[in-house]
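*Asks:* quick one: sequence plus predicted model below, questions after.
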Amino acid sequence: MKEVTRDTYLDWYKNMMFWRKFEDKLASVYIQQKVRGFLHLYNGQEAILAGSLHAMELTKDRMITAYRNHVQPIGMGVDPKRVMAELFGKATGTSNGLGGSMHIFSKEHRFHGGHGIVGGQIPLGAGMAFGDKYHGSDAVTLCFMGDGAVRQGSLHETLNLAMLWKLPVVFIVENNGYAMGTSVERTANHTDIWKLGLGYEMPCGPIDGMNPVAVAEGIDEAIQRARRGDGPTFLEAKTYRYRGHSMSDAQHYRTKDEVEEYRKIDPITQVKDIILAENYATEEELAKVLADVKARVKECEAFAESSPFPEKNVMYDAVYEQEDYPFISHKL
């Protein structure tokens with residue numbers, strides 16, 4: 001695995017803080033109805049992305065995930081202004097403003113969504129890995145899902161074929177404890193989700209999803225296994241989300257005390273504590289990082305606000321390849 005250095009920790013702090021403030025801003029503008037539809041925020045789960053990116057080869061590896069997908073493309077290299085614009089439904093967005101919160105894509109940066117169907121991305125992730133293997137690439141696909149998605153039948157069909165064909169894919173369950181408002185304990189007679197891999201004789205195990213170092217180590221081992229041609233891995237990253245499942249979630253299923261307990265192991269706080277303990281930076285220097293982060297988020301908001309909405313014809317151009325598609329009505 002690439003060495004975890006002073007610069008690594010400083011980058012983690014800067015990036016995770018930016019992701020957190022980016023999501024906080026989205027929550028704010030959602031209340032103002034500048035962002036519509038559903039909105040699923042990543043607050044608390046940032047260590048999983050930070051550790052994964054450290055282990056990946058960003059010039060060739062791929063990522064696919066579910067609908068909690070705003071900051072992952074930013075980590076993969078997508079301009080955050082375009083991500084913000086997509087959420088505002090603007091023409092400058094990553095999907096021309098037509099996809100919104102759940103459907104952010106960047107072929108250029110090998111980020112393949114963003115999927116609104118629970119578990120829908122799982123077979124797609126294996127399919128991309130199949131394509132890379134078929135074409136002789138040593139790229140690896142990281143396929144993320146929530147704990148609720150592992151109850152979908154498509155997961156088991158995919159695990160079977162991924163192991164049978166030794167596909168270069170890493171399946172990562174971001175187990176934040178609740179599938180919408182249903183706890184893991186209420187969805188199955190087991191709580192160790194990673195053990196599902198045992199039924200397919202797939203390498204599997206749990207990792208601490210609140211610690212970017214632990215995530216990087218676990219993901220790196222899985223990526224190297226896949227790159228050698230030894231097939232997939234199934235990992236359970238145990239984490240927690242500080243906000244509701246979506247902005248419409250009243251969170252009656254958990255207590256404020258529970259949330260505060262998990263805030264004691266906030267991944268950003270953990271990284272900050274190490275930075276200060278190791279004298280990688282001072283409080284004043286970190287305060288400047290935070291100020292820069294807030295300024296960047298404001299720039300993203302200003303860009304999204306000033307961008308135009310897409311023209312109606314763009315919907316047809318993006319959906320239909322055939323220009324004279326017979327079922328299009330232009331009387332809108």
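*Replies:* Perfect, I can see it now.

*Asks:* in this protein, what secondary structure element scores lowest on mean pLDDT?
*Replies:* Using mean pLDDT, DSSP states H and E, the weakest-scoring helix or strand in the chain turns out to be helix 312-319, at a mean of 80.

*Asks:* give the buried residues for stretch 67-78.
*Replies:* Residues 67-76, 78 are the ones in stretch 67-78 that count as buried (16 or more other CB atoms under 10 Å). The way it works is simple: take the backbone N, C-alpha and C, and place the C-beta from them, glycine included.

*Asks:* among those residues, name the ones in strands.
*Replies:* Of the buried residues of stretch 67-78, none are assigned to strands by DSSP state E.

*Asks:* closest to F38 among these?
*Replies:* Distance to F38, by CB to CB, is smallest for Y67 among the buried residues of stretch 67-78, at 7.1 Å.

*Asks:* from what I can see that closest one touches L41, true?
*Replies:* No - using CB atoms under 8 Å, Y67 makes no contact with L41, being 10.9 Å away.

*Asks:* on that earlier part again, kindly reformat the buried residues of stretch 67-78 as JSON lines and extend each row with pLDDT.
*Replies:* Formatted as JSON lines, these follow (pLDDT from 0 to 100):
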{"residue": "Y67", "pLDDT": "95"}
{"residue": "R68", "pLDDT": "96"}
{"residue": "N69", "pLDDT": "97"}
{"residue": "H70", "pLDDT": "98"}
{"residue": "V71", "pLDDT": "98"}
{"residue": "Q72", "pLDDT": "98"}
{"residue": "P73", "pLDDT": "98"}
{"residue": "I74", "pLDDT": "98"}
{"residue": "G75", "pLDDT": "98"}
{"residue": "M76", "pLDDT": "98"}
{"residue": "V78", "pLDDT": "98"}
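
*Asks:* and of these, the nearest to G209?
*Replies:* Among the buried residues of stretch 67-78, R68 lies closest to G209 (CB to CB), at 13.1 Å.

*Asks:* any idea how far the closest residue to the closest one other than its chain neighbours lies from S183?
*Replies:* What sits nearest to R68 in space, not counting adjacent residues and going by CB to CB, 6 or more residues apart in numbering, is H40, at 4.3 Å. As judged by CB to CB, to the nearest Å, H40 and S183 stand 18 Å apart.

*Asks:* which one's more surrounded, those two?
*Replies:* Set H40 next to S183 and count neighbours by other CB atoms under 10 Å: H40 wins out with 23 against 13.

*Asks:* state the mean pLDDT of the longest helix along the chain.
*Replies:* In the chain, ranked by residue count with DSSP state H as the criterion, the top helix is helix 6-31. Across helix 6-31, the average pLDDT comes to 98.
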